[in-house]
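1. need coordinates for the following:
(2 chains)
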Amino acid sequence: DTAVSQTPKYLVTQMGNDKSIKCEQNLGHDTMYWYKQDSKKFLKIMFSYNNKELIINETVPNRFSPKSPDKAHLNLHINSLELGDSAVYFCASSRKFPGELFFGSGTQLSVL
Amino acid sequence: AQSVTQLGSHVSVSEGALVLLRCNYSSSVPPYLFWYVQYPNQGLQLLLKYTSAATLVKGINGFEAEFKKSETSFHLTKPSAHMSDAAEYFCAVTDTSNTGKLIFGQGTTLQVKP
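-> Okay, the predicted model is just below:
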C-alpha cells in the first residue's frame, strides 16, 4: 500500500488549459502539503493543510487552488496553465510538528 | 528566517570512497534538521533527522550526520560509497512557524564512479 499516492504521474497539456492533480495519504496524518520542484531541482512549498484547514499559502498565483475534501486528500487545481508552470509537483504529509515529511512520487507537469 | 545552504551542487566519488555532503543552516531557534534522498523519477525519502536528541544521527543505508551547533552544520557522511547511492540529496530545516513546513537546500547530486 502506497503511503502517499498522487495521480497522474505525468501530465502533458497545452497552455491555457485547466488541470488537476490528486493526492491521497493513508498514514493518518493531519497535515498535507504541495511542493513544487523546478528544473534545477529546487523544492519550494506552495500550500499546506492541517485537518482540512489551509495553514500555509506561499506566494503562489491564484490560478493555483488547493482543495482538501478530508484530511486524507489534498488536490491541486491549476487554471489557465502557463509555460512556467512546467515542473514536478510533490504531495507530502506529516504529523503536525516536527514530523518528517512523507512524499508522493511526484507529478511531472509539462505545459506546451 | 531559516535557510539552508548545501555546499557543492555536484559531488563525485569513487565506489568505496568516503561520501561527505555539506549542509549549513541558519536558524534563530534550535532547529530540526533532515536529510532526504531523491532517486531519479521518484519522490523524496527520509535518510535521517535531528530533533535535538543525540548530535550524531544514524540513518538508513549506512548514512549518518552530525549536528554541530558551533559551526551551524549538519553534514552527511557515509564511510564507503555504493553505486546505488547515486542520487540527489537534500538538506532541510523546519520553519519556525510551527506548521511543519520544511525549507530545503538546493540539493547535491552525488555521482559514484566504478
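2. wait, a strand at B:Ser84?
-> No: B:Ser84 sits outside any strand when classified using DSSP: H, G, I helix; E, B strand; the rest coil, being helix.
3. now for it, how many residues are close by?
-> 10 (other Cβ atoms under 10 Å in any protein chain shown). The way it works is simple: take the backbone N, C-alpha and C, and place the C-beta from them, glycine included.
4. where does the prediction get shaky in chain A?
-> Applying pLDDT under 70 to chain A picks out residues A:1, A:96-98.
5. now the helix or strand harbouring B:Tyr36: mean pLDDT?
-> Under the criterion DSSP states H and E, the helix or strand holding B:Tyr36 is strand B:33-38. Summarised as a single mean, pLDDT over strand B:33-38 is 96.
6. what's the pLDDT at the residue in chain B positioned nearest to chain A?
-> Closest contact between chain B and chain A, by Cβ to the nearest Cβ, is at B:Gly43 (3.7 Å). Turning to B:Gly43, the model gives it a pLDDT of 90.
7. same deal with B:Ser27?
-> So B:Ser27 comes in at 78 (pLDDT).
8. chain neighbours aside, what residue packs nearest to it?
-> Using Cβ to Cβ, 6 or more residues apart in numbering or on different chains and skipping residues adjacent in sequence, the residue nearest B:Ser27 is B:Gln2, 4.9 Å away.
9. check contacts around that neighbour.
-> B:Gln2 makes contact with B:25-28, B:31, B:93-96, B:103 under the criterion Cβ atoms under 8 Å, 6 or more residues apart in numbering or on different chains.
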